[in-house]
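Chemist: model the structure of this input:
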Amino acid sequence: MKIAVMSPSRDQGITTVSVLLGLTLAQTQGQSVCLTHSGIDSFSLDSYLGISKYNDKTKSITQIIRLLETHAISGNDIADYCTKIENNFELLNTAAPDVNGEESAKLLKFVIPNLNHDIVITDVKTELWEETTQQTLQTADVIIIVLSQNIQTVKKLEAWKASEYYAAIRGKPTMYIINKFDGYVSSFRDFTKLAGLKHIQCCKISYSPYIKKTANLGKLHTLLPYIVERDVRVCELNNDLKECMQVIMAHMGKRCNWR
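Modeler: Sure, this is the predicted structure:
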């Protein structure tokens, strides 16, 4: 299954949401997951996951592009260019200083349909109208739109829906995640009503300073065991991620297993 995670507004935490969903699908649902992204200037995944930058000329994005141009690589070979983060969870970083937008679009067009993982999650950093975004949405089976409890984000979503480019989303299974949710701002149901969303399509990820803390330390991938074990510092995230898994696994036609 191909999942595109995106937002009509910047700084909504789509990278954080993408990582948390990918880790949870891999570690609790037993799915093999590959996380990638659109855009050529996004290095936050490296930072959040503590991936050191080094120049491996045999395993670089530019190397994949050259192999694509000469038809010398198959879908099975792409896994060799992924970085293992945790069991069942890998990253294919498509950002590099010497890769331009056209090359990145070409790479994603080939990579996303051909990866052999159970689930491919694309952290969409490009704008809705850009070619890379549109082709990512065309191949996606499920769209996840990340929002916050901010009226300006709701207005930007409305503008999205009025745009001709939203046609790539319309009609596809769509899930909304209210990120950094704070019950003191509004109730969950009140916000989904304000945003004009069907409550059944919506989930939340509650605000937790430990998400930001572990991301800043490059250890975001180490947070999930504490969430699963209901550590008092992140216990509210347990039920949030459980509900997210229930929706995503339902789209896959599978039952969610949660202990």
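Chemist: sketch out the low-pLDDT regions of the protein for me.
Modeler: Scanning the chain with the threshold set as pLDDT under 70 gives 40-43, 53-62, 68-69, 71, 74-76, 95-101, 103.
Chemist: which residues in it form strands?
Modeler: Using DSSP state E, the strands of the chain run over 2-6, 33-38, 83-86, 89-91, 119-124, 142-147, 174-181, 202-206.
Chemist: dump the residue contacts of Ala215.
Modeler: By C-beta atoms under 8 Å, 6 or more residues apart in numbering, Ala215 lies in contact with 16, 47-48. For glycine as for every other residue, the C-beta is placed from the backbone atoms N, C-alpha and C.
Chemist: over to Leu35?
Modeler: For Leu35, counting by C-beta under 8 Å, 6+ apart, the contacting residues are 18-19, 22, 45, 85, 89-92, 121, 123.
Chemist: and for Thr28?
Modeler: By C-beta under 8 Å, 6+ apart, Thr28 lies in contact with 228, 241, 245, 257-259.
Chemist: again, 7 Å this time
Modeler: If you count contacts by C-beta atoms under 7 Å, 6 or more residues apart in numbering, Thr28 has them with 228, 245, 257-258.
Chemist: buried ones only from those, please, as a ChimeraX command.
Modeler: The ChimeraX command for the buried members of the contacts of Thr28 (criterion: 16 or more other C-beta atoms under 10 Å) is given here:
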select :228,245,258
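Chemist: from the contacts of Thr28, pick the one nearest Ser52.
Modeler: Val228 (27.1 Å; C-beta to C-beta).
Chemist: relative to Ser47, how far out is the closest one?
Modeler: 24 Å (C-beta to C-beta, to the nearest Å).
Chemist: please apply the same query to Lys125.
Modeler: With distances taken as C-beta to C-beta, Lys125 is found 14 Å from Ser47.
Chemist: comparing those two, which residue is more hemmed in?
Modeler: Higher neighbour count among Lys125 and Ser47: Lys125, with 24 against 16, using other C-beta atoms under 10 Å.
Chemist: kindly indicate which of the contacts of Thr28 lies nearest Gly30.
Modeler: Nearest to Gly30 among the contacts of Thr28 is Asn257, at 7.7 Å by C-beta to C-beta.
Chemist: returning to that earlier point: dump the contacts of Thr28 to CSV, plus distance to Ile65.
Modeler: Listed next are these as CSV, based on distance: C-beta to C-beta, whole Å:
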residue, distance to Ile65
Val228, 38
Met245, 34
Asn257, 38
Trp258, 40
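Chemist: wait, which of the contacts of Thr28 is closest to Met6?
Modeler: Comparing those against Met6 with C-beta to C-beta places Met245 closest, at 19.6 Å.
Chemist: pretty sure the closest one is touching Gly30, no?
Modeler: No - here Met245 does not reach Gly30: they are 11.3 Å apart, not a contact under C-beta atoms under 7 Å.
Chemist: please tell me I have it right and Ser18 contacts Ile3.
Modeler: No - shown here, Ser18 and Ile3 do not form a contact pair, counting by C-beta under 7 Å, at 8.6 Å.
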